[in-house]
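J.: just need the structure, nothing else, for what follows:
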Amino acid sequence: MPPPPVSLAERVASDIRDLIAQGALRPGQRLSEAGMAERLGVSRNTLREAFRSLTNEGLVTYEANRGVSVTVPSMAAVIDIYRVRRMIEVQALRSAFPQHPAVARMAAAVARAQELATGRDWVGVGNANMEFHAAIVDLADSPRLNAFFEKLATELRLAFGLLDEPEMMHAPYIPQNLELVAMVKRGESEEAARRLEQYLLQSERAVLAALTRAEGVHG
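T.: Predicted coordinates for the structure are as follows:
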C-alpha cells in the first residue's frame, strides 16, 4: 500500500525542520510570518498550520504578542536527549557486525566530516557527525528507531545552535568517530559500545556547558 499523500503544510514543516537541523535557524530566532512565508513560497495560512505541527513537536515556541521563535532547549531536555541517545546508540553499536551496510555509511560520514573540517565548515561537520550517529542507529535494523532518532537529532541541533564556537564541539569527535569505525570493522563491538558511552557523556557535558553560558548571556 503506498504511503498517504503529504500535505503542503507537512512539507513546509519538514522544510523548517531541515533548516533547524542544518543550523540555518538558530535557537531563540524569531520567525517572521511574512518573511518565512515568502522564503518558503507558501501562504501564511499554510505556514501557520506548519507552525502548529512544529509547536507540538517542541521545535518552535509561540508566545502571545511575540509570535513564533525557534525553541531554546532546556537543561532537562538536553539531559533527556542524551539519556535516550545512550540507550539507543550504545546498544545498536554493541550488536554491530563488521559487514553491516551501515558501517560503510558511518565511514562515509566521517570522511565527509574530515573534508568539511578542512574548509572549516563546522556547521557542516556537525551535520556529518549526526549522519554518523544516524548510521549507528541504523545498525539496529529498526525503521521505527531510525524515524525516532531523526526527530531526536533535530532537537539536538537546537542545542548545537547555542554554541558560539562550534569547532570546539565538533572537531574533537572526528578522530573518535574514525576510531569507532575501525573498532567495529575489527569486530570489537563491545569495546566500541563502551567507548561510545563515554563519548556521549563527554558530548553531553559540552552541550550543557554551552547552554549554561547562553543562559548567563541572555538571563
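
J.: could you list the low-pLDDT ranges of this protein?
T.: 1-6, 164, 214-219 (pLDDT under 70).

J.: give the contact list for the closest residue to residue 204 other than its chain neighbours.
T.: What sits nearest to residue 204 in space, not counting adjacent residues and going by C-beta to C-beta, 6 or more residues apart in numbering, is residue 82, at 4.0 Å. The C-beta positions use only the backbone N, C-alpha and C, and glycine is treated the same way. Going by C-beta atoms under 8 Å, 6 or more residues apart in numbering, residue 82 touches 200-201, 203-204, 207.

J.: filter those residues down to the ones in helices?
T.: 200-201, 203-204, 207 (DSSP state H).

J.: now those: which count as buried?
T.: Buried members of the ones in helices among the contacts of residue 82, counted by 16 or more other C-beta atoms under 10 Å: 200, 203-204, 207.

J.: so for stretch 145-158, what gets flagged as buried?
T.: In stretch 145-158, counting by 16+ other C-beta under 10 Å, buried: 145, 149, 152-158.

J.: contacting residues for residue 75?
T.: Counting by C-beta under 8 Å, 6+ apart, residue 75 makes contact with 208, 211-212.

J.: how about the residue nearest the centre of the chain, nearest residue that isn't a chain neighbour?
T.: Closest to where the C-alpha atoms of the chain average out (C-alpha atoms, centre = their mean) is residue 153, at 2.7 Å. Spatially, and ignoring its direct neighbours in sequence, residue 153 is nearest to residue 130 (4.9 Å; C-beta to C-beta, 6+ apart).

J.: got a list of what the one you found touches?
T.: 21, 153, 156-157.

J.: now, which of the residues you listed lie within helices?
T.: Among the contacts of residue 130, DSSP H puts 21, 153, 156-157 in helices.

J.: for these, give me TSV that also has distance to residue 196.
T.: Shown next, in TSV, are these (distance: C-beta to C-beta, whole Å):
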residue	distance to residue 196
21	21
153	16
156	15
157	19
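
J.: now for the residues you listed, which pair is the farthest apart?
T.: Comparing all pairs in the ones in helices among the contacts of residue 130 by C-beta to C-beta, the longest separation belongs to 21 and 156, at 9.1 Å.

J.: let me see the ranges of the strands in this structure.
T.: 60-63, 67-70 (DSSP state E).

J.: re the thing from before, the residue nearest to the centre of the chain and residue 134 touch, don't they?
T.: Yes: in this structure, residue 153 is within contact of residue 134 by C-beta atoms under 8 Å, at 6.5 Å.

J.: sounds good, over and out.
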